[in-house]
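# Pasted the sequence and its predicted model underneath.
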Amino acid sequence: MSKQIAVRLSDELVAFVDELVDSGAERSRAAVVTRALTRERRRALAARDAEILSRTWPDPELHGLADHAAGLPSDLA
């Protein structure tokens, strides 16, 4: 199921989205927005999981990874 919504974006972002569509990299504006939001959702979930792992007792296999991921800037994770 999907729901149509209205979103206001800057001219710069709209130009970027349109470049992706015009170049054939994406099939539609909606596809660009969907992909971006899906990535952001995954990033937020991963950051949450990394934070939870970094607060648990040291796990020899996961502790270093969790510390590293928790310390990444949120726009790069």
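Happy to help now that I have it.

# Check which helix or strand the residue lying closest to A31 once chain neighbours are set aside maps to.
Of all residues not flanking A31 in the chain, V21 sits nearest, at 7.9 Å (C-beta to C-beta, 6 or more residues apart in numbering). The way it works is simple: take the backbone N, C-alpha and C, and place the C-beta from them, glycine included. In this assignment (DSSP states H and E), V21 forms part of helix 11-22.

# One more: R42?
Taking DSSP H and E as the definition, R42 sits inside helix 29-54.

# Now the element after that helix, going C-ward?
As assigned by DSSP H and E, the chain's next helix or strand after helix 29-54 is helix 63-70.

# Name the residues of that next one that come out as buried.
Using 16 or more other C-beta atoms under 10 Å as the test for burial, helix 63-70 gives 66, 69-70.

# Let's see that helix as PDB, backbone CA atoms only.
Output of helix 63-70 as PDB, limited to C-alpha atoms (Å, rounded to 0.1, in the frame of the first residue of the first chain):
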ATOM      1  CA  HIS A  63      32.100  -4.200  20.400                       C
ATOM      2  CA  GLY A  64      34.700  -2.500  18.200                       C
ATOM      3  CA  LEU A  65      32.300  -2.300  15.300                       C
ATOM      4  CA  ALA A  66      29.600  -0.900  17.500                       C
ATOM      5  CA  ASP A  67      31.900   1.800  18.900                       C
ATOM      6  CA  HIS A  68      33.100   2.700  15.400                       C
ATOM      7  CA  ALA A  69      29.500   2.900  14.000                       C
ATOM      8  CA  ALA A  70      28.200   4.900  17.000                       C
END
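
# Which elements pack onto that helix?
helix 29-54 (3 or more C-beta pairs under 8 Å, 6 or more residues apart in numbering; DSSP states H and E).

# packing partners for the helix it packs on?
Judged by 3+ C-beta pairs under 8 Å, 6+ apart, the packing partners of helix 29-54 are helix 11-22, helix 63-70.
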